[in-house]
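Colleague: okay, predicted coordinates and the sequence, questions at the end:
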Amino acid sequence: MQEQKTPRLVMEGITKEFPGVKALSNVSFQLFPGEVHSLMGENGAGKSTLIKVLTGVYSNDEGTVKLEGSPIHVANPLEAQDLGISTVYQEVNLCSNLSVVENIFIGRQIMKKGRIDWKEMKSRAEEVLARLNLTIDVTKLLSSYSVAIQQMVAIGRALNVSARVLILDEPTSSLDTDEVNQLFGVIRKLKDEGLAIVFISHFLDQIYEISDRITVLRNGELVGEYMTKDLPRIELVSKMIGKELDAVSSNRDEVAKKERGEVLLEVEQLARKGSVEPFNLDLHKGEIVGLAGLLGSGRTELARLLFGADKADSGEIKINGSKTKLNIPKQAISKGIAFCSEDRKAEGIIPDLTIRENIILAMQGINGVFNYIPKKRQIEIADEYIKLLNINPRNPEQLIKNLSGGNQQKVMLARWLITNPELLILDEPTRGIDIGAKAEIMKLMISLSKDGMSILFISSELEEVLRTCNKIVVMRDREKVSEIDNGKQVTQQDIMKQMAGGVV
Amino acid sequence: MAKSKLFWPIMVLVFILVFNLFFDPSFFTVEIRNGRFTGSLIDILNRGAPLMLISIGMTLVIATKGIDLGVGSVIAMSGAVGAMTVTGSPEGSLTPLFLAIVLALGVSVLTGVWNGVLVSRIGVQPIVATLILMVAGRGVAQLITNGQITTVYYEPYKFIGGGYLLMLPLSIFIVAFVFLIALYLTRKTSIGLFIESVGANPSASRLSGINSKNIILMVYMFSGLCAGIGGLILSSNVASADGNNAGLWYELDAILAVVIGGTSLMGGRFFLTGTIIGALIIQSLTTTIYSIGVPAETNLVVKAVVVLIVCLLQSPEFRNKVFGAFTRKGIKDTKDKGVTLS
């Protein structure tokens, strides 16, 4: 039905280059009134760059933007708002210590005789929120309401400026199911009123529930635009990941059907509100279990629960048969669990310290304050692991911030290996490092598992997962959807199907 | 040598000391008078003792990406507690002295617990948390002394700041003792490593199993203790307690000393020896300004200029810009020579 209408927004041939990176190359996007259009792509696909071009945060190097047929040049976000292009960001972008009214009118207060007309603003705010089926006391502080309501207020604020295009960037990532339904009700209402909505989310179920059309980006290029009802989930996933379905085949031989050791870790109904739905998992000694799923599927969140980096709300964890509480990382470490974070820079390396100090940090954490590892011994340990993991440079006194990503990653591995863990959790250990280092890390994983160490391997590279893992657990929308025993017959396609979910 | 963080601070310190020689040829002379070493250098060490102590504590706090603005007030509180405890005590007994020390240091450590709990457990920003104590502490000190300057007539109390041991001021030994303890704890136990890692990357430290809360609590307690000792020395020096003015602006001098010593306010790596040199620079500057007769009203400006110079010298960007011309020329020269030789 939208086909007969003229598009409200057309972006054509958009190219944006940053020093050394082509963030967008010749991308086109169109949006019709009264539709919800999803923008899909993995990290670095160019979704946010495209949105930022549209809202005037970045200026495009090439291409044109047309709003209702007339070309526009958006110099900054304020101009975008004046044109009726409003954005609601993932993190609620409001001031929680101001009242709801103030948040809705901040920066464009209604004035009367040189003073702020509170009465008018209050009634206008109530009007706007009523449009979203929301009746709340608008004079109360924003922080006194739930995140879902704050999200609605953000939308209310966006609508207030006679919006023609509404961009929702990951609006549901901190909402629970009921709140998401409530939000979707509002989105449908706005859509029926003729608003054009861009919807960005990592949750496939939500994409399929709410959107009419999907545009897929990959590596800064347009993959295609599809009607949601004509695009099976599995195809969407493969378009996002960039593997053609038929071309994916696998000729692994060495993923042996290994004899399983005893059960090391049992997880039952482990959950944390808003990040992981109740989760079950058995992990045997010497087993490598791959955790696959798209970004936002809850992989990292699960790993953090298993390490005590976040606290679980419910469920239980048994290690070697005995029930354990993992509330802080230190507890997990003392139980023989190690966790290499995906965010090496923020949660891994201590930039100002040397390779040696970075390596012994976790070990010293267990040893405590007074049981200091003598410096001589520290150097020995560092030298040993520098050799074992082929860390470059060989000098243990080099500051870690001067190392390449791959070598930093190896230092992180060394930090955990010297604690001699029973369970090693690796979150995207091969991201952003060169191919040589990737291969070395995978080889190391396999040899560690042969020595009896259990490994939980989180990776977006399905090929790596298939090459190393005995078992593959697939997560989607914060839930475990399946568990696949690896073997010759398992293909990337099988896993992608599970990652995509729904009726294929 | 030039690569060491200590190089420029040492150069500045040497410069200031040598500068004094032009005004007072006997500046470096150390004499034995009345069985005691005397001279300008001894004087700088002695007078700089409180600042050195407080700066040692401040260094560890700053290394955790914190700051302790309360130390000046803790000096006043500690001095007030100490002086009020001994005031009116009989000369014969040493018990009041020990009681004063224990009480004053106890109160100081408690202030550290207060700061540490606010920062580590409640999550108040360090500058805000310690600002509370900066204001409140001076108030408490005034309450203890009833808002008046209390003079101490009890002789043993004067020994803390004015006493001599092995012909040298006792305060020098106190500083040396605290410095060595700090050095030992941070180099021979893992406290130093933990402080640096918590300061440089708190979330990575937590994931490595380090209890950053306790580390942070501990550095504030240590800073409180250092300030308390400094407060006792200062109060003993003048044999009185002055809730209003004792330790005024010490927190700022201490922060300066730490920064001059090469520790970054962003946390992470810290340099205790650098801090000591920084404190000595500030103290010798003060002494110099008085001794060469700079008009009193220009004191603070002169001090600020010197501190600015030290900070500029420590900035690699600044050094490259100013000295870069020389260096490049030097390299070019050697290159030319090489060409001629071959």
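Modeller: Received it, and whenever you're ready, just let me know what you need.
Colleague: now do the helix or strand hosting A:Ser238: distance to the chain's middle.
Modeller: Per DSSP states H and E: A:Ser238 is located in helix A:233-241. In terms of C-alpha atoms, centre = their mean, to the nearest Å, the gap separating the centre of helix A:233-241 from the centre of its chain is 17 Å.
Colleague: go through it and flag the buried ones.
Modeller: A:Arg233, A:Ile234, A:Glu235, A:Leu236, A:Val237, A:Ser238, A:Lys239, A:Met240, A:Ile241 (16 or more other C-beta atoms under 10 Å in any protein chain shown). In this view, the C-beta of every residue, glycine as well, is placed from N, C-alpha and C.
Colleague: of those, just say which sits nearest to A:Glu277.
Modeller: Using C-beta to C-beta, A:Arg233 comes nearest to A:Glu277 of these, at 18.8 Å.
Colleague: any idea what sits nearest that closest one, other than its immediate chain neighbours?
Modeller: A:Ala500 (3.6 Å; C-beta to C-beta, 6 or more residues apart in numbering or on different chains).
Colleague: I'd say the one you found and A:Met240 touch.
Modeller: No - the pair A:Ala500 / A:Met240 is not scored as a contact, 9.4 Å apart, by C-beta atoms under 8 Å.
Colleague: what pLDDT is listed against A:Ser143?
Modeller: pLDDT for A:Ser143: 83.
Colleague: with B:Thr186 instead?
Modeller: At B:Thr186, pLDDT is 91.
Colleague: residues touching A:Ser334, list them.
Modeller: Neighbouring residues of A:Ser334 by C-beta atoms under 8 Å, 6 or more residues apart in numbering or on different chains: A:Ile366, B:Gly209.
Colleague: could you rerun that using 7 Å?
Modeller: Listed by C-beta atoms under 7 Å, 6 or more residues apart in numbering or on different chains, the contact partners of A:Ser334 are A:Ile366.
Colleague: quick one: name the residues of chain B near chain A.
Modeller: Residues of chain B lying close to chain A by C-beta under 7 Å from any C-beta of the partner chain are B:188-191, B:193, B:196-197, B:200-201, B:203-204, B:206-211, B:268-269.
Colleague: find the nearest non-adjacent residue to the spatially most central residue of chain B, please.
Modeller: What sits nearest the mean C-alpha location of chain B, by C-alpha atoms, centre = their mean, is B:Ser55, with 2.3 Å. Closest residue to B:Ser55 apart from its sequence neighbours, by C-beta to C-beta, 6+ apart: B:Ala257 at 4.0 Å.
Colleague: hang on, the one you found in a helix?
Modeller: Yes - counting by DSSP: H, G, I helix; E, B strand; the rest coil, one finds B:Ala257 located in a helix.
Colleague: I'd say B:Val113 and B:Met221 touch.
Modeller: Yes - the criterion here is C-beta atoms under 7 Å, and B:Val113 meets it with B:Met221 at 5.8 Å.
Colleague: ok, those two, which is more surrounded?
Modeller: The neighbour comparison of B:Val113 against B:Met221 (other C-beta atoms under 10 Å in any protein chain shown) goes to B:Met221, with 21 against 14.
Colleague: if I look at the more buried one, how far off is A:Ser334?
Modeller: 26 Å (C-beta to C-beta, to the nearest Å).
Colleague: what stretches of the stretch 101-250 of chain A score poorly on pLDDT?
Modeller: Low-confidence segments of the stretch 101-250 of chain A (pLDDT under 70): A:160-162, A:174, A:242-250.
Colleague: and the helices in it?
Modeller: A:118-131, A:147-160, A:177-192, A:204-210, A:233-241 (DSSP state H, counting those that start in this stretch).
Colleague: any idea how many residues pack against B:Leu248?
Modeller: With other C-beta under 10 Å as criterion, B:Leu248 counts 14.
Colleague: for the residue in the stretch 101-250 of chain B that chain A sits nearest to, give its distance to A:Ser334.
Modeller: Here the stretch 101-250 of chain B gets closest to chain A at one residue, B:Gly209, 3.5 Å apart by C-beta to the nearest C-beta. In this view, B:Gly209 and A:Ser334 are 8 Å apart by C-beta to C-beta.
Colleague: list residues touching both of these two?
Modeller: Contact criterion C-beta under 7 Å, 6+ apart; residues shared by B:Gly209 and A:Ser334: A:Ile366.
Colleague: first-to-last residue distance for stretch B:143-155?
Modeller: 24 Å (C-alpha to C-alpha, to the nearest Å).
Colleague: quick check: domain ranges of chain A?
Modeller: As assigned by automatic domain parsing, chain A contains the domains A:2-231, A:343-420.
Colleague: will you turn the ones you listed into CSV that also has mean neighbour count?
Modeller: Formatted as CSV, those follow (neighbours: other C-beta atoms under 10 Å in any protein chain shown):
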stretch, mean neighbour count
domain A:2-231, 18
domain A:343-420, 19
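Colleague: so which of the ones you listed gets nearest A:His284?
Modeller: A:His284 lies closest to domain A:343-420 among the domains of chain A, at 18.3 Å (C-beta to C-beta).
Colleague: near chain B at all, that closest one?
Modeller: Yes - judged by C-beta under 7 Å from any C-beta, domain A:343-420 and chain B are in contact via A:346-353, A:357, A:361-362, A:364-366, A:369-370, A:372.
Colleague: leaving out chain neighbours, which residue sits closest to residue 40?
Modeller: Reading this off chain A. A:Val216 (4.9 Å).
Colleague: sorry, should have said chain B
Modeller: Among residues not flanking B:Ser40 along the chain, B:Phe27 sits closest, at 5.1 Å (C-beta to C-beta, 6+ apart).
Colleague: assign that neighbour to helix, strand or coil.
Modeller: Applying three-state DSSP: B:Phe27 is coil.
Colleague: so where is the stretch 301-450 of chain A shaky, pLDDT-wise?
Modeller: Using pLDDT under 70, the stretch 301-450 of chain A drops low at A:432-436.
Colleague: taking it, what residue is nearest to chain B?
Modeller: With C-beta to the nearest C-beta, the shortest gap between the stretch 301-450 of chain A and chain B falls at A:Gly365, namely 3.5 Å.
Colleague: so that residue touches B:Ser212, yeah?
Modeller: No - the criterion here is C-beta under 7 Å, and A:Gly365 misses it with B:Ser212 at 10.4 Å.
Colleague: need the contact partners of stretch A:9-21.
Modeller: A:23-31, A:49-50, A:53-54, A:58, A:60-67, A:165, A:196.
Colleague: what of stretch A:380-394?
Modeller: Applying C-beta under 7 Å, 6+ apart, the set of residues contacting stretch A:380-394 is A:355-356, A:359-360, A:396, A:407, A:410-411, A:413-414, A:417-418, A:440.
Colleague: cool, and stretch B:154-165?
Modeller: By C-beta under 7 Å, 6+ apart, the residues outside stretch B:154-165 that reach it are B:36, B:86-87, B:89, B:91, B:94, B:96-97, B:100, B:170-171, B:173, B:232-234, B:236-237, B:239.
Colleague: hmm, try it at 6 Å
Modeller: B:36, B:86, B:89, B:91, B:94, B:97, B:170-171, B:173, B:232-233, B:236-237, B:239 (C-beta atoms under 6 Å, 6 or more residues apart in numbering or on different chains).
Colleague: I'd like to know which of those are buried.
Modeller: Buried residues within these, counting neighbours by 16+ other C-beta under 10 Å: B:Val86, B:Ser89, B:Leu97, B:Leu170, B:Ser171, B:Leu232, B:Ile233, B:Ser236, B:Asn237, B:Ala239.
Colleague: any idea which of those is least confident?
Modeller: Comparing the buried ones among the contacts of stretch B:154-165 by pLDDT, B:Ser89 comes last, at 74.
Colleague: got the contact list for that one?
Modeller: By C-beta under 6 Å, 6+ apart, the neighbours of B:Ser89 are B:Pro96, B:Tyr154.
Colleague: in which helix or strand does it reside?
Modeller: Under the criterion DSSP H and E, no helix or strand holds B:Ser89.
Colleague: backbone phi and psi for it, please?
Modeller: phi -80, psi 150 (degrees, to the nearest 10).
Colleague: from B:Ala239, how far off is it?
Modeller: Taking C-beta to C-beta, one finds B:Ser89 at 13 Å from B:Ala239.
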